[in-house]
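Q: Need the 3D shape of this:
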Amino acid sequence: MKQRGEKFCLSIIAIVGAFALAAQFYAAINSRIVPLGETLLRFFSYFTIESNILVTLAVAAIWLNPQSAWGKFFSRPATLTALTVYIIVVGAVYNLVLRHLYHLIGISRMANELLHVALPVLFVIYWAAYVPKATLKWNIFPWLIFPIIYAVYTLIRGALVNYYPYPFMDAGKYGYERVMINIAVLILVFVGLSFLLVAIGKVTRKKAV
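A: So this is what the prediction gives:
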């Protein structure tokens, strides 16, 4: 029964994720104000898009081919927990910091809500209900590699083309000192969430024993 429920949960997340990403991609291409190549670079330069792609690929691999190399990699509790941290940050930062900056309509609004609300909630539910947590370890620093590389890439590309996907990373407008503080705060959020999820895993393990 649990296996059937888990597969159903995986299928819902995969389908919603693929649909939301496709809708957001269509909206970005349809409303582009820069050349196609730059539009594509900008689209894939959002942490939201990258994290949702990873989550969608992960659940699709586990759902459709769990014995494949990618299925086994994404099935690891540490991998799934790291993805949970990323997608929680996506939802939290948008809804607490960025939501008031955007006034979207139509397909853009629908895709935006799916990527920043529905997918984070669904994936957290999946993590809470189905991901084994007993083997989680306190060494969460490998989970920080992705967000750190993302921050470095964003600052370098922003310096070259004067475009930043998020206003709090706009070094051209706010200066590097303030942006570095913003990034440091975000990294601390990643660290705190990572330790929190590992702690939850430890608590549930003790209860199970």
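
Q: how about Pro142, what does it touch?
A: Ala78, Ala82 (Cβ atoms under 8 Å, 6 or more residues apart in numbering). For glycine as for every other residue, the C-beta is placed from the backbone atoms N, C-alpha and C.

Q: Tell me the secondary structure at it.
A: Using DSSP: H, G, I helix; E, B strand; the rest coil, the structure places Pro142 in helix.

Q: you'd agree Met110 is up against Ala23?
A: Yes. Look at Met110 against Ala23 with Cβ atoms under 8 Å: they come within range, at 6.4 Å.

Q: Am I right that Asp171 is in contact with Leu160?
A: Wrong residue type there; residue 171 is Ala, not Asp. No. Under the criterion of Cβ under 8 Å, Ala171 is not in contact with Leu160, lying 11.6 Å apart.

Q: Between these two, which has more neighbouring residues?
A: Under the criterion of other Cβ atoms under 10 Å, the comparison of Ala171 against Leu160 puts Ala171 first, with 19 against 8.

Q: For the more buried one, which non-adjacent residue is spatially closest?
A: Spatial nearest neighbour of Ala171, excluding adjacent residues (Cβ to Cβ, 6 or more residues apart in numbering): Val179 at 4.6 Å.

Q: quick one: which helix or strand includes that neighbour?
A: Per DSSP states H and E, Val179 falls inside helix 176-208.

Q: Check the secondary structure at the nearest residue to Thr204 once chain neighbours are set aside for me.
A: Closest residue to Thr204 apart from its sequence neighbours, by Cβ to Cβ, 6+ apart: Lys133 at 5.5 Å. Of the three states, Lys133 takes coil under three-state DSSP.

Q: low-scoring stretches of the chain, by residue?
A: Applying pLDDT under 70 to the chain flags residues 1-2, 205-209.

Q: now with 80?
A: Scanning the chain for pLDDT under 80 picks out the ranges 1-2, 204-209.

Q: ok so, going back, now do the helix holding Val179: which elements does it pack against?
A: With contacts taken as 3 or more Cβ pairs under 8 Å, 6 or more residues apart in numbering; DSSP states H and E, helix 176-208 sits against helix 77-93, helix 145-161.

Q: please redo it, this time with the cut-off set to 10 Å
A: Packing partners of helix 176-208 (3 or more Cβ pairs under 10 Å, 6 or more residues apart in numbering; DSSP states H and E): helix 77-93, helix 119-130, helix 145-161, helix 171-174.

Q: quick one, which of those helices is packed in tightest?
A: Among the helices and strands packed on helix 176-208, ranked by average contacts under mean count of other Cβ atoms under 10 Å, first place goes to helix 77-93 (a mean of 21).

Q: what's the following helix or strand after that one?
A: helix 106-113.

Q: Mind listing what's buried along that following helix?
A: Neighbour-count burial for helix 106-113 flags Ser108, Met110, Ala111, Asn112 (criterion: 16 or more other Cβ atoms under 10 Å).

Q: out of the residues you listed, which one sits closest to Leu196?
A: Leu196 lies nearest to Asn112 out of the buried residues of helix 106-113, by Cβ to Cβ, at 26.3 Å.
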